[in-house]
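Visitor: Test case, fold it:
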Amino acid sequence: MTVLPTDLRVFKGTDPNVDSYSAFWDNEKSSETKLDQMLKKHGIEEIVLTGLAFDICVGNTALDGAAKGYKVTVFEDATRSITHEGYKIMKEKMMKNGVRIAKGNLLNTGIRIPALSFLLLLLSLSLVLY
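Guide: Model prediction:
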């Protein structure tokens, strides 16, 4: 993967004493990344998530995004969970918190990705999460 100077980068997991599953916060909610600031700066209201792992990083990012007021969609067939039980628990939690769970090819689902949307791939493409 090539990281361009113009790519937005969000650094997470920078404190070795605290896990950081979400791209918004560390697990103790004591340190926030710059993701929310970046999205707001660019007028982004909608995020689409894929990546690893559905029941850990993707799920926690989706829940935090929804809590911050973003419209969140997770393409579950473009993710994988650590465990099946974790998948079931996280999926239920996301749905209860207003996260849309979608399946299928992003281009063939009818979901529109307008200028005010943001495609967040946790492990690839332009937004690099460290």
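
Visitor: show me the biggest strand of the chain in terms of residues.
Guide: In the chain, with assignment by DSSP state E, the single longest strand is strand 71-80.

Visitor: buried sites along the strand or helix carrying Thr61?
Guide: Assigned by DSSP states H and E, Thr61 belongs to helix 59-67. Burial within helix 59-67, assessed by neighbour count using 16 or more other C-beta atoms under 10 Å, is assigned to Gly59, Asn60, Thr61, Ala62, Leu63, Asp64, Gly65, Ala66. Heads up, the C-betas are built off the backbone N, CA and C, glycines and all.

Visitor: And stretch 48-57, by the same measure?
Guide: Val48, Leu49, Thr50, Gly51, Ala53, Phe54, Asp55, Ile56, Cys57.

Visitor: start to end distance for that stretch?
Guide: 13 Å (C-alpha to C-alpha, to the nearest Å).

Visitor: How about stretch 13-20, which residues are buried there?
Guide: Gly13, Ser20.
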